[in-house]
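A.B. asks: Coordinates for the following, if possible.
(one chain, ligands or ions: 1)
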Amino acid sequence: MQLRAIGSDPAVARHRRPGRPRPYGRHQPKATQLPEEYPYAPAADGEPGVEEDEPTGPRLTARQAFRRFWPLTRGDRRWLVLICACVIVAALAETAAILLFSDLTDNALRQGSLSAFWTPAAQWLAVAVLGAAVGYIGNSLAVWTAERFVLRLRARVFAHVQELPPHFFQRHRQGDLVERLTGDVEAIEQMVVSGVVGTVSAVFSTVFFSIAAFRLRWDLALATFVLAPLFWLAARRFSGRITSVARDERVADGAITSVVEESLGNIVLTQAYNRKDAEERRLGREARAWMRASVAGARMSELYEQLVEVIETLCVLAVIGLGAWEISQDRMTIGQLLAFAAFLGYLYPPIRNLGQLGLTLTAATAGAERLLEILDAEPAVSDPPPGAAVAPWRVHGTVEFDRVGFRYPGGDRRTLAEVSFTARPGELVLITGASGAGKSTVSKLLTRFYDPAEGYVRLDGVPLYAMPLGFLRENVTLLPQKTLILHDTIRENIACGRPGAAEHEIVRAARDAAAHDFIAALPEGYDTRIDPHTARLSGGQLQRIAIARAMLRDAPVLVLDEPTTGLDALAARRVVRPLRRLMSGRTTIMISHDLNLAPDADRVLVLDHGRVVETGTHHELLALGGAYARLHGSQNGSLADTGPQPTLRLGPL
Ligand SMILES: Nc1ncnc2c1ncn2[C@@H]1O[C@H](COP(=O)(O)OP(=O)(O)OP(=O)(O)O)[C@@H](O)[C@H]1O
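C.D. replies: Predicted coordinates for the structure are as follows:
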């Protein structure tokens, strides 16, 4: 009849993995440790994307962690109050049942009187029905509230993750982030909602049962409570070790998810390069770490359980010993002693639960630390404060880099320095240079994934930081090096360029992108589901879908980052015509190694180690005989060859 602490309720725990380790991940230094302009830049202590085993995030106490997440219960607190009321009523009903049981043993059973049976029996039944009703209501509400909390927390973390800058994802393994959004979110729920309800339940049950115990036999009750602090001491002794084991479990869980996810994502490399054994060894290594952490966790809780059993036995023996002495002194009957011993069966579980709850909270702290590492990471850019933003206007598309300097968070050197150029509406500016020169970084600043550390990036004369981020990204379309594809239908993949676009607009965009014919030839046409690894479409076809999406978006500024990378000559040629249509009438910043595209550019910028070393038209730069001429020569086999390379030339329509 007792309302269980919902953390231990199988209904609540159904989707959890009891005993399953959850990871405590790494690794993001606290925002406060970092330079102001790069609020969550990690120390430059490792290669991007390389995970360290040891977590370096902030360590919290259970109380600090609880305080951080408690505000998320806002909106559900009235339900929490109702659940706690049910818990208290259930504890009262339980206490009443215990007293009625004692009444029955004292009167009906000891006196052998059936007439003394009916009244307490009827009362007991009524109390049982009341307890069952509030138990049902309380537990159902508790599950509902707990799940709402999980929903809300996950949505909050997910929304935050989506605002984080590219380097955050380069430094956290995807699998580990997945684990944080699933396992760790649930661990926090156990700390906050289930934790509160469980504590209220255990505290009130302990108080009520203690009052009942003193009412039954104060001397035996005293003997019981003298030893009760042993439970608390045991829990305290274990809490430090349990937090550390829980951390290891969470790290191991995140690592396993990461390895599986990375291996499956790289299955072609694995198979083509016979890396099966290496991948198995990698998984085996993480699995063994997981097993070690898991066994250590299980051993720890088993040890705690057994210790508590021994303490309980000690308490029962103390009570029986005292009872035996009382009986020998004729101050007590065997019936009374047995009734009290039976009562201990009720009293100890809530006392034991209190200790257990402390451990659950401590273990959940490891999950809290991991989630706070995400929540405390600040986006690299944010919208201007309300009222300070420049009001949206009809963008013409003049892009201006004005003495721009930039260093990646945690980077040891400037990636861009003193970069200045202007692209006017309808112009094509091609940015080229050696690998690592900083070309893609220009596209990241122009789409405001980062703000420059020095200088300004402007659109129609307005600094990008002064306009709402959504407005900027509506007006500047990025076609990145890697074709971005949603796990959805082809229609949705194109329509996401402009949500709410009509069917005929989607088809027109696909036609302009030279994608309609191959889409229409698919059995399910525009309803064909695709994903980034789809085998149904070639790289060039996926690129044309991305172009159709950009067509539909119809932004005045276009940023093309290596638009023909990864495509063979034929596929690249097929992409060029749609690209030309897309670029027509827009300001285009094209980042490319491919200098076959250069003759059509109004201006070519050559970047070297983050600096613009040459600017001019293709012919001017060739005539200059400098860095551009060398790049061009190396692509075309001869420094002297200055003639046009027409294979991918944009040329007239
Ligand atoms: N998140 C990051 N953190 C630190 N350094 C970075 C990060 N991203 C890029 N860099 C560094 O910035 C420099 C410029 O990178 P960028 O991607 O802009 O070069 P790129 O010219 O586009 O190269 P490629 O042609 O090979 O794509 C490189 O040295 C790179 O290692």
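
A.B. asks: Relative to A155, how far out is the spatially most central residue of the chain?
C.D. replies: Per C-alpha atoms, centre = their mean, the C-alpha nearest to the average position across the chain is that of L181, at 3.7 Å. Separation of L181 from A155 (C-beta to C-beta, to the nearest Å) stands at 10 Å. All C-beta atoms are positioned from the backbone trio N, CA, C, and that covers glycine.

A.B. asks: same check, this time on W70
C.D. replies: Using C-beta to C-beta, we find W70 at a distance of 17 Å from A155.

A.B. asks: Equivalent analysis for V196, please.
C.D. replies: V196 is 21 Å from A155, by C-beta to C-beta.

A.B. asks: For the longest helix along the chain, name the packing helices and strands.
C.D. replies: Ranked by number of residues, the top helix in the chain under DSSP state H is helix 276-328. Contact partners of helix 276-328 among helices and strands, from 3 or more C-beta pairs under 8 Å, 6 or more residues apart in numbering; DSSP states H and E: helix 218-227, helix 229-265, helix 334-375.

A.B. asks: rewinding a little: out of V196 and A155, which sits in the busier spot?
C.D. replies: V196 (23 against 11; other C-beta atoms under 10 Å).

A.B. asks: ok, now which ones touch that one?
C.D. replies: By C-beta atoms under 8 Å, 6 or more residues apart in numbering, the contact set of V196 is L80, C84.

A.B. asks: Checking my notes, it in a helix, right?
C.D. replies: Yes. Residue state for V196 (DSSP: H, G, I helix; E, B strand; the rest coil) corresponds to a helix.

A.B. asks: please begin residue numbering at 22 from this point
C.D. replies: In the new count, where the first residue is 22, that last one comes out as V217.

A.B. asks: and it, how far is that from the ligand?
C.D. replies: Distance, V217 to the ligand, by C-beta to the nearest ligand atom, to the nearest Å: 41 Å.

A.B. asks: pLDDT value on G631, please?
C.D. replies: At G631, the predicted lDDT confidence score is 90.

A.B. asks: Revised request: answer the last question for L130.
C.D. replies: For L130, pLDDT reads 68.

A.B. asks: try G70
C.D. replies: For G70, pLDDT reads 34.

A.B. asks: residues near L368, how many?
C.D. replies: Counted with other C-beta under 10 Å, L368 comes out at 23.

A.B. asks: now it: how far from I232?
C.D. replies: 11 Å.

A.B. asks: now swap in R89 and tell me
C.D. replies: Following C-beta to C-beta, the distance that separates R89 from I232 is 36 Å.

A.B. asks: Looking at these two, which is more packed in?
C.D. replies: R89 (17 against 13).

A.B. asks: now the residue of the stretch 72-221 of the chain found nearest the ligand, nearest residue through space, not along the chain?
C.D. replies: Among the residues of the stretch 72-221 of the chain, H188 lies nearest to the ligand; the distance is 3.6 Å by C-beta to the nearest ligand atom. Sequence neighbours aside, P430 is the residue nearest to H188 in space, at 5.7 Å (criterion: C-beta to C-beta, 6 or more residues apart in numbering).

A.B. asks: these two touch, right, the one you found and A401?
C.D. replies: Yes. Between P430 and A401 there is a contact under C-beta atoms under 8 Å: 7.3 Å.

A.B. asks: out of those two, which sits in the busier spot?
C.D. replies: More neighbours surround A401 than the other of P430 and A401, with 23 against 19 (other C-beta under 10 Å).

A.B. asks: helix or strand for that one, which one?
C.D. replies: In this structure, A401 sits in neither a helix nor a strand according to DSSP states H and E.

A.B. asks: what about the nearest residue to L251 once chain neighbours are set aside, how many residues close to it?
C.D. replies: Once flanking residues are discounted, L251 sits nearest to I332: 4.6 Å by C-beta to C-beta, 6+ apart. Neighbour count of I332, defined by other C-beta under 10 Å: 21.

A.B. asks: Please apply the same query to R88.
C.D. replies: Around R88 there are 11 residues (other C-beta under 10 Å).

A.B. asks: And the pLDDT for A64?
C.D. replies: pLDDT recorded at A64 is 32.

A.B. asks: mind listing what G379 touches?
C.D. replies: By C-beta under 8 Å, 6+ apart, the neighbours of G379 are A83, A256, R257, S260.

A.B. asks: all helices for the stretch 472-621 of the chain, in order.
C.D. replies: 490-496, 511-516, 524-533, 537-542, 560-574, 590-604 (DSSP state H, counting those that start in this stretch).

A.B. asks: TSV for those helices, including mean neighbour count?
C.D. replies: Shown next, in TSV, are the helices of the stretch 472-621 of the chain (neighbours: other C-beta atoms under 10 Å):
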stretch	mean neighbour count
helix 490-496	17
helix 511-516	23
helix 524-533	18
helix 537-542	15
helix 560-574	24
helix 590-604	18
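
A.B. asks: Kindly reformat those helices as a markdown table containing distance to G457.
C.D. replies: Output for the helices of the stretch 472-621 of the chain, formatted as a markdown table (distance: least, C-beta to C-beta, whole Å):
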| stretch | distance to G457 |
| --- | --- |
| helix 490-496 | 26 |
| helix 511-516 | 31 |
| helix 524-533 | 34 |
| helix 537-542 | 35 |
| helix 560-574 | 24 |
| helix 590-604 | 23 |
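
A.B. asks: any idea which of the ones you listed scores lowest on pLDDT?
C.D. replies: Among those, helix 590-604 scores lowest, with a mean of 75.

A.B. asks: Can I get that one in CSV? Just the C-alpha atoms.
C.D. replies: Output of helix 590-604 as CSV, limited to C-alpha atoms (Å, rounded to 0.1, in the frame of the first residue of the first chain):
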residue,chain,number,x,y,z
ALA,A,590,34.5,15.6,-64.1
LEU,A,591,31.2,14.6,-65.6
ALA,A,592,29.2,15.1,-62.4
ALA,A,593,31.0,18.4,-61.9
ARG,A,594,30.0,19.5,-65.4
ARG,A,595,26.4,18.6,-64.7
VAL,A,596,26.5,20.7,-61.5
VAL,A,597,28.0,23.8,-63.2
ARG,A,598,25.0,24.7,-65.3
PRO,A,599,22.6,24.7,-62.4
LEU,A,600,25.1,26.5,-60.3
ARG,A,601,25.3,29.2,-63.0
ARG,A,602,21.6,29.6,-62.9
LEU,A,603,21.7,29.8,-59.1
MET,A,604,24.4,32.4,-59.1
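
A.B. asks: what angle do that helix and helix 524-533 make?
C.D. replies: 130 degrees (axes from the mean of the first three to the mean of the last three C-alpha atoms, to 10 degrees).

A.B. asks: and helix 590-604 with helix 560-574, angle?
C.D. replies: Going by the same axes, to 10 degrees, helix 590-604 makes 0 degrees with helix 560-574.

A.B. asks: chain center to helix 590-604, what's the gap?
C.D. replies: The chain centre lies 38 Å from the centre of helix 590-604; the measure is C-alpha atoms, centre = their mean, to the nearest Å.

A.B. asks: now stretch 494-505
C.D. replies: The answer for stretch 494-505 is 24 Å, by C-alpha atoms, centre = their mean.
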